[in-house]
Structures are given as structure tokens and as C-alpha cells.
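A.B. asks: Model the structure of this input:
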Amino acid sequence: MKKRMKVAFSAFTALSILLAGCASGSDKAEEKGKDNTASPVQLSEPGTYPLVTEKETLKIMVRGNPLVENFATNEFTKWYEEKTNVHIEWEVVPEQSMQEKLNLVLASEDYPDVIMGLNITPSQQMIYGTQGAFLPLNDLIEKQGPQTKKLFEDYPDIKSTITALDGNIYALPEINDCYHCSMSQKMWIYEPWLKKLNLEMPTTTDEFYNVLKAFKKQDPNGNGKNDEIPLSISQKSWRSSIDAFLMNSFVYNPIYGSSYKHMYVKDGKIDVAYNKPEWKEGLRYLNKLYSEGLISPESFTQDDNQLIQIGENPDTVLLGASTGGHQGVFTQLMGESGRWSEYKAVPPLKGPNGVQYAPTDTTALTPGSFVITKKAKNPELAMRWADGLYEREHTLRSVYGRPNEEWRDAKEGEIGINGKPAVWFELKSFGTVQNVNWAQTGPAMRTNEFRLSSVANGDDDLEVFLYKETKNKYEPYAPKDVSTVPPLFLTNEQSSEVADLAKTVNDYVDEMIARFVIGDADLDSEWDGYVQQLDAMNLSRFLEIYQTAYDAKSK
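C.D. replies: Below is the predicted model:
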């Protein structure tokens, strides 16, 4: 399971400092790229293994993954080392502090050969690529990237998406065209409580309010205590902020990509949701839920582990509803309680003015999954090693595990999730801590066709379940008049300017969402001041920068 296209973790807080400490240009980058592309080792022909006769070593800084016990002893790591004859020295960065660590490494120039899985943003790629810290990959792909070249031939949009403004490719992506992730701003509700109270699945904001109120007042868990929590979330979990689902009953509010929160494109123009009158009415609705005790106060402070403890309370069910891309945000996926499967997706709710959006992210990749730094002694070897990860079997092994243990080829007559003849079958559900795969870390090639060609193993199969919930409940409400902002490359100057603007504006919006919902700020008397403050923070310039980048991409 994965959050889709974790498109762009922001490094805004450090950009201005880092820019001040580094000076160079595109000519310098080209020189450094040329100096590093001459590999001192003899590689085998592209597409053949092992890559080298004598074992070589790559130093890779990788994002820690809570589902991977140990990258060094991992079964896929050992298998791929044996196949490629390339040993990896891992530097594992805890996921919670990966952005801070990345900033420190980039500032100090204490680079490994490769940075993998840290989701280097397009802006970072542009800055450090033109400065020579990240090598341009164009020539390396041409010489040593048969799988990458095939990827570009089959999906030319991917190549254009990851190509920087100067024409260079500075990072390889992880391809994960996850259908259910494309509409992941979901609400989940505990279906047994609906049945016990003879309630229908809510379809409007008023009906949802009435359901939450019934959860609070009518003792659906039957223990005679007023301990039910109608709605509780973790702001820190995947697609689960307080506004992610409910605000789309008032105004289009995509939260895909940390740089583009609440930002959208309409009629070719980039705009934001949070200064619109409809946003104000959405906040009024959220404040109503909060003031009547239907949203737990902990929703603004708790992390996902604390929320899961509530969702998996052993004595009795406490949680009525929560938000997130899947039920693992608030319960234990495939856990012993089986509670995860009892929460069903709530379709987008129709708001008082008929607004009913399922925010959609059509970006099928995570940019910045793999960069080769200027410190790499064997850039061609690093490229070949990464290129191999796009091969079908290698992707299956790195993401899922061992053939005939975690997955197998489909048998004749087996049908895929998409209703077509299946290609492969997942034998063990993804999402538990293990040491046989990399659990979606680094380059991989999972197209939509690939994912949906796995055997449909009944509704207890998580992928099948999420596919059906998304197809039946969310796809009908995908927007037709507005779209989510795609990944955009900014120039160094634009990145530097937008860094402070983005942090200032987004931090203020987040603060005021909480204050308006809790009631610490009054919507009627303080809304105009809030909008004026956004103007004073130069929101118009913030939008202008992204509009310029969008127009350049659209040409």
C-alpha cells in the first residue's frame, strides 16, 4: 500500500540558506557531469547480468521504511547483490527526519554515491542539478538505461514530467500508477454502527452530521458508556488532514503534494481554495462538528500510532469515522481484530450548494526517487543498477518479495482486478513488517495495467477492496471543471523566492484552519482579516510564480 506519488516533500525551510552557500551554473554542471560519466569499471552489455566481473560497492543513502526490518540483511538486497555483483553500503535515514537529514547533506556536500527514496523535489533537482551536486542522467540513460529508455518510449509523459527546465533529467522516478491512490482523500465509517442504528450511508453533509450525532448519543458499541468517538483523525497521516475530505463538499481542495496544498487549476489559471467564500462555509461546517463534540480535540495533535490505538481499542470499538487514503491510517491493516475491513468508504458528500468533489491526482510517479551525486566514482554502474529495478521481476521482488512465496505468476483462467486475464498473483498481503522486500522504496515500475493485472482474490484482498471502493464511490465525482496542479520545475530564482512565501502562507493557513475549527478565531468577525493577511503575505506573487512555471510546462 502506498500513498500515491508522494510527489514532493518540501525543503522550503532550508532553500535560501543552501543557495547562499553554493555557487555555480549549468556550464559547471555539464563539466562535472562529463567528468563523472567515465566509469573506471568494465560493465557488461546493457540488459545483461552480472553488471561487473569483480564485485563493486555503491554507497546509498536511503529513506528508512517502517515495513523493512533491515536493508542490509533484506532478502531482496542479497538477491540483487548476487545478480548484479554490486554490494550496497546503506546509510538509512529515519523517515521522520529525512528532510532535515537531506538538507544537512546537501548543505555540507557530504554526499554518498546515490540518494534513494528521499523524494527529491523538482525544485531541489533543479537547484542541485545546475550546481553540479546531482549528475545529469541523460547520457547515462542513453548508454546504460535500456529499461528507462523503454519506459520513456511507452510513457512519454513520464519523461516530460521528470525533465528539468534546462533539458536535463536529474533523478529517476518510482512509477506507481495506483488507481485507488489517485482519489485518496477518503472518509471511512464503521459500518456495523450504521447497521445497528438503522442508518444509511450518508450522502450529504447534513446526513453525515446526523450520523456522527447518532454515534455520539445512541451508544452504538452497546457498553452503556458515553465513550464513542464519532470522528477522530491524525493530521500527520496519509491524506488525512481535517480538510482533506470534508472541504470538498464546499470547494475543490486537493492536498496532493506538500508544495501544492489546496492549489488547483481552473481554465488554465492556478488558484487556491483557502481564500474563497466557499472555504469559509466549509470551516463553518467543521466548526459545527467540533463545537458539538463530533470531532475529537486530539485530531489536531495526535499521530497515526495514537490514532491506531483508538481504532484498535481491544475492549470495544470506539471510533466511528476517520479520514485517510486507506484504513491502515487508523486501524491495523490485516490485523488480528479484522476491524480494518469493517470500515467502509463514504462517497464524496454533497454540500449545501451541490458541491461534491473527489480530488484526483493523475500523477503516476514519485519524482526524485534516485539521484546520482557528484561524489559517485562509478556513475554508469549506479545507473545500470537502478535501471534494472524497472524490470518486471525485479519490481515484483523489490515491492512484494520472493516468487512463489509472496507472489507467483497467474494461472490460466485467473482474472485480474480489472476483469482481464491476470498476469500475477499476490500470495501475501502487503503492509506488514518484514525483511524480504523493500516495500516500495526506490525505483520500480508499477503501471496501472500492472497493478490491476494481479489476480482478484475476493473482497478481503486489500487492493481489490480499495479498487472497488474507489471505482464505485469516488470516480463518479472526479472533477471535470478543475484539476490538480502537476509537478512543476522552478528555476533557482523562483525556488528561492517561493520558499519563504510557501512556508509563510501554508503555515498561516494551517494555523487558521485549526483556530477557526476549534473556535479560537471567529469566522464572522475575523474572516476578512484572515483574507487580508494572506494578501499581505503576497499570496498573489506566490500564485504568479507557479502560474509562470505552469505556463512554461504547458507550452
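A.B. asks: how about the strands in the stretch 301-450 of the chain?
C.D. replies: Taking DSSP state E, counting those that start in this stretch to define them, one finds strands in the stretch 301-450 of the chain at 319-323, 343-346, 365-372, 407-409, 424-426, 445-446.
A.B. asks: do you know which of the ones you listed lies nearest residue 232?
C.D. replies: Between residue 232 and the strands of the stretch 301-450 of the chain, the shortest separation by C-beta to C-beta is 6.0 Å, and it involves strand 319-323. From N, CA and C alone the C-beta is placed, and that goes for glycine too.
A.B. asks: so how far is that closest one off the chain centroid?
C.D. replies: Relative to its chain's centre, strand 319-323 lies at 21 Å (C-alpha atoms, centre = their mean, to the nearest Å).
A.B. asks: which secondary structure elements does that strand contact?
C.D. replies: For strand 319-323, the elements it packs on are strand 187-190, helix 205-217, strand 229-231, helix 304-311, judged by 3 or more C-beta pairs under 8 Å, 6 or more residues apart in numbering; DSSP states H and E.
A.B. asks: Can you show me the strands along the stretch 1-150 of the chain?
C.D. replies: So, for the stretch 1-150 of the chain - with DSSP E, counting those that start in this stretch - the strands run 56-63, 86-93, 114-116.
A.B. asks: pLDDT score assigned to residue 17?
C.D. replies: In this model, residue 17 is scored at 31, pLDDT.
A.B. asks: Quick check: residue 264 touching residue 256?
C.D. replies: No: under the criterion of C-beta atoms under 8 Å, residue 264 is not in contact with residue 256, lying 10.1 Å apart.
A.B. asks: and for the two, which residues touch both?
C.D. replies: residue 484 (C-beta atoms under 8 Å, 6 or more residues apart in numbering).
A.B. asks: who's more crowded, those two?
C.D. replies: Neighbour comparison, residue 264 and residue 256: the larger count goes to residue 256, with 28 against 21 (by other C-beta atoms under 10 Å).
A.B. asks: picking up where we left off before, show me the one of the strands of the stretch 301-450 of the chain that comes nearest residue 453.
C.D. replies: Nearest of the strands of the stretch 301-450 of the chain (C-beta to C-beta): strand 424-426, 6.7 Å.
A.B. asks: For residue 228, which non-adjacent residue is closest in space?
C.D. replies: Using C-beta to C-beta, 6 or more residues apart in numbering and skipping residues adjacent in sequence, the residue nearest residue 228 is residue 215, 5.3 Å away.
A.B. asks: residues touching residue 79, list them.
C.D. replies: By C-beta under 8 Å, 6+ apart, residue 79 lies in contact with 397, 402.
A.B. asks: which residue ranges form the helices in the stretch 1-150 of the chain?
C.D. replies: For the stretch 1-150 of the chain, applying DSSP state H, counting those that start in this stretch gives helices covering 12-20, 26-36, 75-84, 98-108, 122-130, 138-144, 146-154.
A.B. asks: Can you say which of the strands of the stretch 1-150 of the chain is packed in most?
C.D. replies: Ranked by mean neighbour count, the strands of the stretch 1-150 of the chain are led by strand 114-116 with a mean of 27 (mean count of other C-beta atoms under 10 Å).
A.B. asks: That one pairs with which strands, and in what direction?
C.D. replies: Strand 114-116 pairs in its sheet with strand 56-63 (parallel), strand 365-372 (antiparallel), by DSSP bridges.
A.B. asks: Contact partners for the closest residue to residue 376 other than its chain neighbours?
C.D. replies: Excluding its sequence neighbours, the residue lying closest to residue 376 (C-beta to C-beta, 6+ apart) is residue 113, at 4.1 Å. Residue 113 is in contact with 58-60, 372-373, 375-378, 382, counting by C-beta under 8 Å, 6+ apart.
A.B. asks: and if you look at residue 244?
C.D. replies: 185, 253, 255, 323.
A.B. asks: how would you label it: helix, strand or coil?
C.D. replies: Recorded secondary structure, residue 244: coil (DSSP: H, G, I helix; E, B strand; the rest coil).
A.B. asks: Quick check: phi and psi on it?
C.D. replies: phi -60, psi -40 (degrees, to the nearest 10).
A.B. asks: can you check residue 487 too?
C.D. replies: Geometry field for residue 487 lists phi and psi as phi -60, psi 130, criterion degrees, to the nearest 10.
A.B. asks: Surely it touches residue 361?
C.D. replies: No: in this structure residue 487 lies outside contact range of residue 361 using C-beta under 8 Å: 10.2 Å.
A.B. asks: still on that earlier bit, among the contacts of residue 113, who's most crowded?
C.D. replies: residue 372 (32 neighbours).
A.B. asks: measure that residue to residue 145 for me?
C.D. replies: Distance from residue 372 to residue 145, counting by C-beta to C-beta, to the nearest Å: 12 Å.
A.B. asks: if we can go back for a sec, turn the contacts of residue 113 into TSV, columns for pLDDT and distance to residue 481.
C.D. replies: As requested, the contacts of residue 113 are exported to TSV (pLDDT from 0 to 100; distance: C-beta to C-beta, whole Å):
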residue	pLDDT	distance to residue 481
58	98	48
59	98	49
60	98	44
372	98	42
373	98	43
375	96	48
376	97	46
377	95	52
378	97	50
382	98	44
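A.B. asks: ok, so of the residues you listed, who is nearest residue 336?
C.D. replies: Looking across these and measuring by C-beta to C-beta, the closest to residue 336 is residue 60, at 35.5 Å.
A.B. asks: residue contacts, the closest residue to residue 393 other than its chain neighbours?
C.D. replies: Take residue 393 and drop its neighbours on the chain: the residue closest to it by C-beta to C-beta, 6+ apart is residue 403, 7.5 Å away. By C-beta under 8 Å, 6+ apart, residue 403 lies in contact with 393, 396-397, 409.
A.B. asks: Kindly report the same for residue 395.
C.D. replies: 389, 444-446, 450.
A.B. asks: circling back to that earlier point, who touches both of residue 372 and residue 145?
C.D. replies: With C-beta under 8 Å, 6+ apart, residue 372 and residue 145 have common neighbours 137, 383.
A.B. asks: Just to be sure, residue 509 is in a helix?
C.D. replies: Yes: assigned with three-state DSSP, residue 509 falls within a helix.
A.B. asks: thinking it is in contact with residue 283, fair?
C.D. replies: No: under the criterion of C-beta under 8 Å, residue 509 makes no contact with residue 283, lying 11.0 Å away.
A.B. asks: Of the two, give the one with the bigger neighbour count.
C.D. replies: Ranked by neighbour count (other C-beta under 10 Å), residue 509 and residue 283 place residue 283 first, with 25 against 22.
A.B. asks: For that one, which non-adjacent residue is spatially closest?
C.D. replies: Distances taken as C-beta to C-beta, 6+ apart place residue 516 nearest to residue 283, at 4.5 Å, with adjacent residues excluded.
A.B. asks: The one you found: neighbouring residues, count only.
C.D. replies: Neighbours of residue 516 under the rule other C-beta under 10 Å: 23.
A.B. asks: any idea of the angle the helix or strand containing it forms with helix 122-130?
C.D. replies: Using DSSP states H and E, residue 516 sits in helix 492-518. Taking axes from the mean of the first three to the mean of the last three C-alpha atoms, to 10 degrees, one finds helix 492-518 and helix 122-130 inclined to each other by 160 degrees.
A.B. asks: Only the buried residues of helix 492-518, if you could.
C.D. replies: Across helix 492-518, burial judged by 16 or more other C-beta atoms under 10 Å covers 492, 494-502, 504-506, 508-510, 512-518.
A.B. asks: and the helix or strand following that helix, what does it pack onto?
C.D. replies: Counting by DSSP H and E, the element after helix 492-518 in chain order, helix or strand, is helix 523-536. Packing partners of helix 523-536 (3+ C-beta pairs under 8 Å, 6+ apart): helix 277-291, helix 492-518.
A.B. asks: I am finished for the moment; much appreciated.
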